[in-house]
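Asks: The following block contains a protein sequence and its predicted model.
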Amino acid sequence: MKSRRHVIVVGAGIIGASVAWHLAEAGARVTVLDAQEPGGIATRVSWAWINASFGNPEPYFRLRRHAMQEWHRLAAAVPGVGLARTGSLFWGRPPAELEAFAAEHGAWGYGVRSVSRAEAAAIEPHLVSPPEMAVHVAEEGVVEPLVAAQAILAGAQHLGATVIAHRRVRSLICAGNRVTGVDTDSGLLQADEVVVAGGVGSSRILATADVSLPMRTSPGLVVATAPHPPTLNGLLITPTMELRQTTEGRFLAVGEIEDGQAEGRVDESASELFAAVKGMVDTGSTLAPGTHAVAYRSIPRDGFPAVGRTAGLLGLYAAVTHSGITLAPAIGQFAAEELLTGQRNPLLAPYGMGRFAAQDQSST
Ligand SMILES: Cc1cc2nc3c(=O)[nH]c(=O)nc-3n(C[C@H](O)[C@H](O)[C@H](O)COP(=O)(O)OP(=O)(O)OC[C@H]3O[C@@H](n4cnc5c(N)ncnc54)[C@H](O)[C@@H]3O)c2cc1C
């Protein structure tokens, strides 16, 4: 798959980074543009659990599982990605739902097993109060998302890609039924293809070529403690929070929060979440608070990835998704293949842009 097509990738988060790396690796001439410092917006604050876990229909499970496997390929090819296969302990649902999840996903070939309180305590010895029952998935893992995105971008640059920071794309340039480039805040850039991987900013960019991508956002409260000696072995998905320890030793907890909370209320919720972390893991009395923020997950309206060409418009490709940390290696790989060979991977079949055009027509 060798090509010298010039592709502009808009967005240098984990998705844009992976698309750029796979394109450059396949021989394309790649220019990545980002309005900010490369590394993304959602990517920077992500909890970054790499999983094909609870609640996914089988086709989406298959895509996610493929992506999990592709992380190993990407981590072997790109220095500094830092993939950690830590495993996860999940008890964020009632036991009957966990049993059903383990049975269903186990039948699909996922390495999930139910564990007793004693087994949970053996997996995570520092839990203050291990759950009665949980599920454990040894094959799940994590990357430090900003580190991984930056490593993949550096890998793309090593393969010849150009990464331009602080260059906002104002609009797509269209000539007839073809996108021929982008208009940026410092001039026009032409290309054979434009990939929109702008996360939450993608809808606005696509709308400049009359392409509709309805999105929704979901806020999460992210609390990071001060660094602490290694205590957790893997990822915890609990009824009240998602919790892991970063490579720096910080406990990183994500809890729910309603949109539009006043700053004082956010601070209060962050203090509660910090106290809950201390109540969940035995850290002695030394754990110190760190930072907190409300972070927004940007999600195509139906919850699934939006990846592919848009009907009737040549030269344009969208790569927008939630769970982008999990999915990045697969989306990058499949997007590059489709752009350079015209072959669309069957795992992407349900996730084309056409479904939004169809929804638009049915709602008018
Ligand atoms: C709290 C939280 C927890 C999460 N937990 C997980 C998890 O456990 N597992 C998981 O798989 N996923 C998780 N996610 C989701 C995951 O982080 C995102 O799906 C992923 O980071 C999206 O990457 P991206 O590259 O598409 O977007 P982003 O990281 O947002 O990057 C988009 C980039 O595009 C640039 N851009 C936008 N508009 C323009 C423009 N007009 N011109 C130029 N550049 C532009 C932005 O500056 C940005 O750098 C979580 C997200 C959040 C917020």
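Replies: Alright, I've got the coordinates.

Asks: Close to the ligand: what parts of this protein are there?
Replies: Contact residues, the chain versus the ligand (Cβ under 6 Å from any ligand atom): 10-16, 33-36, 40-43, 45-49, 168-169, 197-201, 205, 220, 222, 254, 295-297, 321-326. Just so you know, the C-beta spots here come from the backbone N, C-alpha and C atoms, and that holds for glycine as well.

Asks: so how far is Arg297 from the spatially most central residue of the chain?
Replies: Nearest residue to the geometric centre of the chain (Cα atoms, centre = their mean): Gly324, 2.0 Å. Computed as Cβ to Cβ, to the nearest Å, the Gly324 to Arg297 distance reads 9 Å.

Asks: Just grab the bridge partners of Val281 for me.
Replies: Leu127 (DSSP bridges).

Asks: contacting residues for it?
Replies: 126-128, 231-232, 243, 251 (Cβ atoms under 8 Å, 6 or more residues apart in numbering).

Asks: most neighbours, which of the residues you listed?
Replies: Phe251 (26 neighbours; other Cβ atoms under 10 Å).

Asks: overlap in contacts of Gly324 and Arg297?
Replies: Ala42.

Asks: ok, of the residues of the chain next to the ligand, which come out buried?
Replies: Taking 16 or more other Cβ atoms under 10 Å as the criterion, what is buried in the residues of the chain next to the ligand is 10-16, 33-35, 40-43, 45-49, 168-169, 197-201, 205, 220, 222, 254, 295-297, 321-326.

Asks: what's around the residue lying closest to Trp49 once chain neighbours are set aside, how many residues?
Replies: Leaving aside its sequence neighbours, Trp49 sits nearest to Leu235 (Cβ to Cβ, 6 or more residues apart in numbering; 5.5 Å). By the measure other Cβ under 10 Å, the count of residues near Leu235 is 27.

Asks: Leu235 against Glu242, yeah?
Replies: Yes. At 7.3 Å, Leu235 counts as touching Glu242 under the criterion of Cβ atoms under 8 Å.

Asks: Give me the common contacts of these two.
Replies: With Cβ under 8 Å, 6+ apart, Leu235 and Glu242 have common neighbours Trp49.

Asks: quick one: least confident helix or strand in the chain?
Replies: Lowest on mean pLDDT, DSSP states H and E among the helices and strands of the chain sits helix 354-363, with a mean of 70.

Asks: From Glu119, how far off is Thr86?
Replies: On the measure of Cβ to Cβ, Thr86 and Glu119 end up 16 Å apart.
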